[in-house]
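# Sequence plus the predicted model coming up.
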Amino acid sequence: MADILVKLLLRLEKKLRVGGVDDSNGIVGGLAGELVALLEEFARIDPSCIDAFEPLCGKKYCFGWEEPLIRILDEKR
């Protein structure tokens with residue numbers, strides 16, 4: 001499940017960056033924040049899902065939502 005949510009975050013990021021999704025009302029950004037909070041909870045409950053955060057590494061994102069997840073992954077290493 002964590003890998004699906006990470007893929008969703010990556011797709012949202014891409015759509016926000018290149019166009020196609022309007023976040024002028026903040027709904028998409030709020031969704032990204034909620035997904036990150038959910039992934040943090042998943043990581044707390046089942047640390048094996050932390051490996052799903054790997055695709056977030058080594059890339060620069062516009063909104064910084066990935067930082068807590070990368071920090072969790074770095075702590076596991």
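All right, it came through fine.

# Can you read off the pLDDT for residue 64?
For residue 64, the pLDDT comes out at 85.

# Locate it within the secondary structure: which element?
Counting by DSSP states H and E, there is no helix or strand that carries residue 64.

# Could you pull up the residues touching it?
Shown in contact with residue 64 (C-beta atoms under 8 Å, 6 or more residues apart in numbering): no residues. For every residue, glycine as well, the C-beta is placed using N, CA and C.

# so how far is the longest helix seen in the chain off the chain centroid?
Looking across the chain with DSSP state H, the single longest helix is helix 27-45. Computed by C-alpha atoms, centre = their mean, to the nearest Å, the chain-centroid distance of helix 27-45 equals 7 Å.

# same deal with stretch 69-77?
On C-alpha atoms, centre = their mean, the centre of stretch 69-77 falls 13 Å from that of its chain.

# Other residues contacting that stretch?
By C-beta under 8 Å, 6+ apart, stretch 69-77 touches 6, 36, 39-40, 43, 47, 50-51, 53-54, 56-57.

# Quick one: end-to-end length of stretch 62-73, please.
20 Å (C-alpha to C-alpha, to the nearest Å).

# okay, stretch 30-42 in CSV with CA atoms only?
Extracted in CSV, the C-alpha atoms of stretch 30-42 (Å, rounded to 0.1, in the frame of the first residue of the first chain):
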residue,chain,number,x,y,z
GLY,A,30,-3.4,19.4,1.4
LEU,A,31,-3.9,15.9,-0.1
ALA,A,32,-0.1,15.5,-0.5
GLY,A,33,0.3,16.5,3.2
GLU,A,34,-2.3,14.0,4.3
LEU,A,35,-0.7,11.3,2.2
VAL,A,36,2.7,12.0,3.8
ALA,A,37,1.2,11.9,7.3
LEU,A,38,-0.4,8.6,6.4
LEU,A,39,2.9,7.2,5.1
GLU,A,40,4.6,8.3,8.3
GLU,A,41,2.0,6.4,10.3
PHE,A,42,2.5,3.4,8.1
